[in-house]
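> Have a look at this fold, sequence not included:
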């Protein structure tokens, strides 16, 4: 083992030059930005060089080639490693100017890799542990897609993760799930450098990682991460096992920096010009900053171009498929949903309006899914061990198992955060539309990955049931109160809270049609009467909020409600009108879509000049933007309690009577 | 192994009677409530009986005896197990009526155990995995307190956890951390019943849990969880190891219910009256519902009373200590902070106002901690591997290590969620005031435990630095935008965002004084000038918001800002007044405290009749409650970007110029 970084390497000089090009670009980019993390790229340069030059299947000219291998830098702070690789192998987006412009406004080279900023960035990473979990989702998607299109899909998913990733709880969910499913084409390269920000990792962790991964059903190898031959042999072996593989790569953080390598000071700050000069000497890299000599760049560009042959062969194969197979594959890849989907939902809505079922909205969701899953082949359902509560499984769906990936339903286990990250990976991989369920309150567990769904603009659909004190006896730990507000606060996330079966179908339609926005469906445990008895072909929920029930006499009051409370608002409307107070009810299933409407629609819908009362069994935060300071709010600004649901609604004063009183107070 | 539950047990009839009393009360309480989880209590009744009758050190008459053993039911859905135990052993709170009243409004017997509802409930559980992590915090607190008061503190922490707990990511953080520190007085009893809600656990998980725990440095045993002798031997052995211990208790879920045991149908629904009758027969329990025969109750009450002798001996020992030791111990237990604390902070504020340091508020926090940690012996600091960034360590603080628990600083590792749950455990245990840091954006990772801090009313202080786009180059994954709003939405949580060093000291004071409310301190990475140049002995932040800078001419505009944006608001004030527009600046470090003031103070502070502009480098959600619909907001309602901080403030338009324009638009 070469842990000092100072002994001569047995690696070929070509390898060393290629690896040193990564080291040089990385340390120079960080230095120029005066901000960043040189240690990891320098430490993992040898591993990355072997991976990209000997194994990774990719074509920089066709960055979205569906059968490319996926590479995920879970230790996202080492972004300059990825940018260096993309630049060196010839991705057009990653010019040398972009490398020089590291971490500057408008550059493609953000502090952490940002999905969508440049080709070759497969996912946004930085929040530790999530890259690994996202990669597990990609590897699962690969297995599922290969089962469906077996000659078109056959690729690996590689991950580089650091000590931080493996300390995060989500790493457990990820490796346990991958081990359970036997995702054998997943290869994790652990940057085992014994250093984290606070210092030596043994300040805080003593895990036997090899044993830990073995316990989860992984194949484990340990190598010197600076020895190209060991790296190559290990990756080769990892590809051949029938388990997911972890390769512990013993490395020296900041490899090559004589005074800083192997210490926390190489982790997260520029090396400084003096140390960079010494590093150049140490590495035999006598070139100017950002100067990669043409013969070394050529070696890298050759790596980049050899993928062209593979991608061309793959396209030939695609073209040789039957029209049906090709179309099915390309439809999945495009992410388009069938052209007649709107009509299908409209017809289903007609049935609902005719039969007026009084389902809980979680049940309405399942019924909508019966239609959707029949109609859209790409949906992949699942739940974090609450299938019978979330009602996420439909009769079409067979489970995905270690032996059979042809199914469409994933038992994610009690892994809410993992499930969300896996779904991000499935969505990023392409070919599928993932949705998954848990209780609404446990959006807190999944939240860091929901945020990444939103930041990356992924169509991931969160089916969050038991969405208020209406869940009853399980009590305050299980009763969401602040969750509508906290999810609405996340940018680029549509939070839907439908009022009945028709709205639930509409919100499902909107979720599926939002190709670059994730959705949360907030659904009731308790039964809800059908309110949309008059069928409309139009998706009324598409405007986010609309007048559900007009006043029968001149409107003095507007009640704005969501989900299960729309029924209560309608009840209050009857009482108010019985007292001669004209009252409208606005159903507001989605703030985000309502806010995007034009001002006149919004003003009109909210009822100018009327007393406005918002009703939601959740906290008041944010409702003032619709009610103004003069309006009222009926909801709950404390934690809930354990009792039957009806008792709780009374106890917390979320009743038609309370709405009536709040309205009359303000008239 | 007795996995069928139908073979005769070799257990003593006394043991069986005692265990069956738990089973009977549990299934009957669930049946009466028509809601709940009978399977776990019935499956773990043997283990619980042995634990409580042979090992657990407790005195129902002195439920808060500091040296009692702690028992945590991490699988909180099995709450009726705990309630049965507390009733049977004689806790006054847990009458038979309370058992009968399971899951009803106002009862002490909520659906999940709720801390504070009844004596003997050591922590709120239900959100899976957190009980285990909280117990790790308790076990750490025990070691730390024993180091300080060695003859007064010597107790165990026992946890019952289920499959769900061990699937959750936080279980990894908990067992890894406990293994690292070698918390040998922690004993985990795993209810290994191979069943979760969706069915057999092998639908979703294949971990070798024994190997997994060994990899984390735990001692592991596997036993038949229905064999009293095996249980006793295993717990005895677990207490003697020098590692934390995991005992895999192979059990049958719903043990005794002939048609439902061993299946998911026993997990989360009443057994039904027919099955209950059959279970009575199966268990030889011919007694009526809720009827525990007096001779069996006596066995249990004897268990409960034998602790009285131990607690009396302990009190004698306490009384025999020197006055100093006793006082130090009791001060820690009381949770009181020194009477002169306000004066200490006031004197420190005077120094700040005199010297006007331009520190980042994270640095101001560290400087305040220098004063606080000198003055309050009970604070325990820490960080999730960002010590040098969060500035949570002061020079007084030596690290807590596996060899030495006398330190006051905990290297929590890259375990944000774990850290928060560990801190909950430390606070629940008593004797300490925990605070811990990470980046503000990673409150998302810790959020489920922050919620429990709030729900339980624990004094846990979250030091959350890098609190806006002001962190700069790390980019949107690391830049909080929605986090102020999402944290403010949590009930009973004080969210502070101080504007300068004086406010930071004030907010620290308020956090420490709030004995039953957790606090988040939202702190800047970037430097901030001192604004509170005029010293006040009064803690102005205590009102949540106050006029920081009055208008020099008749006020037309009120700028309401927090944290780093107060400086920008003051700059805008100058510009507006230079144009003849009288402008006030209100600093609003804490919404929650402001909202608790009387209406006249609030109205006056917000400047009736003035144009109101809120300024915060965060999303707008909720600010309308102060500005009204006519007011303005300067902030950021999208994700951030990667660039130097100054560039970002300009790019997102959070500038004095933008404030001026927004104000003038509305005049």
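Good, I have the coordinates. Model, not experiment: these values are computed from the prediction. Numbers count the residues shown, from 1 in each chain, chains lettered A, B, ... in the order given.

> Going by C-alpha atoms from here, please, whenever you check contacts or count neighbours.
OK.

> Just checking the helix or strand of chain A with the lowest mean pLDDT against chain B, any contact.
In chain A, no helix or strand scores lower on mean pLDDT, DSSP states H and E than strand A:195-196, which sits at a mean of 90. Yes - counting by CA under 8 Å from any CA of the partner chain, chain B is contacted by strand A:195-196 at residue A:196.

> avg pLDDT for the next helix or strand after that strand?
Note on strand A:195-196: by DSSP states H and E, the next helix or strand toward the C-terminus is strand A:199-200. Averaging pLDDT along strand A:199-200 yields 92.

> hmm, strand A:199-200 in reach of chain B?
No - contact of strand A:199-200 with chain B (CA under 8 Å from any CA) is absent, the minimum separation being 8.5 Å.

> ok, and what's touching that strand?
With contact meaning CA atoms under 8 Å, 6 or more residues apart in numbering or on different chains, strand A:199-200 is reached by A:194, A:263-264.

> Of these, which is the nearest to chain B?
residue A:264 (10.9 Å; CA to the nearest CA).

> residues in contact with that closest one?
Contacts here follow CA under 8 Å, 6+ apart; on that basis residue A:264 touches A:195-200.

> Buried only: go through those residues for me.
Using 16 or more other CA atoms under 10 Å in any protein chain shown as the burial test, the contacts of residue A:264 include A:195-199 as buried.

> low pLDDT regions in chain A?
Low-confidence segments of chain A (pLDDT under 70): A:1-9.

> what's the spacing between stretch A:418-436 and its chain's center?
Centroid displacement of stretch A:418-436 relative to its chain, using CA atoms, centre = their mean, to the nearest Å, is 7 Å.

> So which bits of that stretch are buried?
For stretch A:418-436, a neighbour-count test (16+ other CA under 10 Å) marks A:418-436 as buried.

> Then stretch A:154-168?
A:154-168.

> what does stretch A:260-277 give?
A:260-271, A:275-277.

> One more: stretch A:319-329?
So for stretch A:319-329, counting by 16+ other CA under 10 Å, buried means A:321, A:326, A:328-329.

> What's the local residue count around the residue of the stretch 151-300 of chain A found nearest chain B?
Closest to chain B within the stretch 151-300 of chain A is residue A:169: 3.8 Å, counting by CA to the nearest CA. Residues within reach of residue A:169, counting by other CA atoms under 10 Å in any protein chain shown, total 29.

> any idea how far residue B:211 is from it?
Remark: distance between residue A:169 and residue B:211 (CA to CA, to the nearest Å) = 17 Å.

> which other helices and strands contact the helix or strand harbouring residue A:307?
Per DSSP H and E: residue A:307 is located in helix A:294-320. Judged by 3 or more CA pairs under 8 Å, 6 or more residues apart in numbering or on different chains; DSSP states H and E, the packing partners of helix A:294-320 are helix A:13-33, helix A:79-89.

> The same query, at a cut-off of 10 Å, please.
helix A:13-33, helix A:79-89, helix A:323-334 (3 or more CA pairs under 10 Å, 6 or more residues apart in numbering or on different chains; DSSP states H and E).

> Mean neighbour count, the ones you listed: which tops it?
helix A:79-89 (a mean of 26; mean count of other CA atoms under 10 Å in any protein chain shown).

> moving C-terminal of that helix, what's the next helix or strand?
That would be, after helix A:79-89 and using DSSP H and E, helix A:96-100.

> buried ones in that following helix?
Residues A:96, A:98-100 are the ones in helix A:96-100 that count as buried (16+ other CA under 10 Å).

> In a markdown table, list the residues you listed along with distance to chain B.
Compiled in a markdown table, the buried residues of helix A:96-100 are given as follows (distance: CA to the nearest CA, whole Å):
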| residue | distance to chain B |
| --- | --- |
| A:96 | 18 |
| A:98 | 13 |
| A:99 | 14 |
| A:100 | 13 |
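
> among those, which two are most distant?
Maximum pairwise distance among the buried residues of helix A:96-100 (CA to CA): 6.2 Å, between A:96 and A:100.

> Briefly note if the helix or strand hosting residue A:158 comes near chain B.
Using DSSP H and E, residue A:158 sits within strand A:157-161. No - judged by CA under 10 Å from any CA of the partner chain, strand A:157-161 makes no contact with chain B; its nearest approach is 13.1 Å.

> by contact count, what packs against the next helix or strand after that strand?
Remark: after strand A:157-161, the chain's next helix or strand is helix A:163-167, criterion DSSP H and E. Secondary-structure packing of helix A:163-167 (3+ CA pairs under 10 Å, 6+ apart): helix A:130-148, helix A:169-181, strand A:186-192, strand A:195-196, helix B:169-181.

> between those, which gets nearest to residue A:491?
Using CA to CA, the nearest of the helices and strands packed on helix A:163-167 to residue A:491 is helix A:130-148, at 19.2 Å.

> List the buried residues of the closest one.
Neighbour counts over helix A:130-148 (16+ other CA under 10 Å) mark A:130-148 as buried.

> what separates residue A:209 from residue A:252, distance-wise?
Going from residue A:209 to residue A:252 by CA to CA gives 18 Å.

> Between those two, which has more neighbouring residues?
Higher neighbour count among residue A:209 and residue A:252: residue A:252, with 29 against 19, using other CA under 10 Å.

> Now distance to residue A:205 too, for the helices and strands packed on helix A:163-167, in CSV please.
Output for the helices and strands packed on helix A:163-167, formatted as CSV (distance: least, CA to CA, whole Å):
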stretch, distance to residue A:205
helix A:130-148, 19
helix A:169-181, 13
strand A:186-192, 13
strand A:195-196, 10
helix B:169-181, 5
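
> And for residue A:578, the neighbour number?
For residue A:578, using other CA under 10 Å, the count is 10.

> Residues that sit against both of residue A:96 and residue A:100, list them.
Both residue A:96 and residue A:100 are in contact with A:25, A:29, A:290, where contact means CA atoms under 10 Å, 6 or more residues apart in numbering or on different chains.
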